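Could you work out the structure for the sequence below:
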Amino acid sequence: MEIRQDEQVEAFIEEEKLLTANEVAKLLGVHKNTVLYRLVKNEGLPAMRIGTGWYKFQKSKVMEWIESKTEKQGEL
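Numbering: from 1, shown residues only. All right, here's what the predicted structure looks like:
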């Protein structure tokens, strides 16, 4: 089965979508402040600062971060 080019483009856009702190918080099941003040600053959650204080999160980078944290938990 061949994937059409427009489906590939849509999949890429979804993968590279920029998320808000609220969206990341929902994804992780934590409060928005936990995302901004603990995970970004202390736990290395990758974020981009847009303008004067707005954080955006590349979905693919967030998913990689989650996977890396899950792998480390499995090593314990």
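
which residues are in contact with the lengthiest strand in the chain?
Scanning the chain for the strand with the most residues, using DSSP state E, yields strand 54-58. Strand 54-58 has contacts (CB atoms under 8 Å, 6 or more residues apart in numbering) with 16-21, 23-24, 36, 40, 45-50. Every C-beta, even on glycine, is put in place using the N, C-alpha and C of the backbone.

Could you rank those by neighbour count and give me the top one?
Ranked by neighbour count (other CB atoms under 10 Å), the contacts of strand 54-58 have residue 24 at the top, with 25 neighbours.

Check the offset of stretch 33-45 from the chain's centre.
12 Å (CA atoms, centre = their mean, to the nearest Å).

So for that stretch, what gets flagged as buried?
Within stretch 33-45, the residues that count as buried by 16 or more other CB atoms under 10 Å are 34, 35, 36, 39, 40, 45.

what mean pLDDT does stretch 21-32 have?
Model confidence over stretch 21-32, given as mean pLDDT, is 96.

What lies in contact with it?
In this structure, residues lying in contact with stretch 21-32 by CB under 8 Å, 6+ apart are 19, 34, 35, 36, 39, 45, 55, 57, 62, 66.
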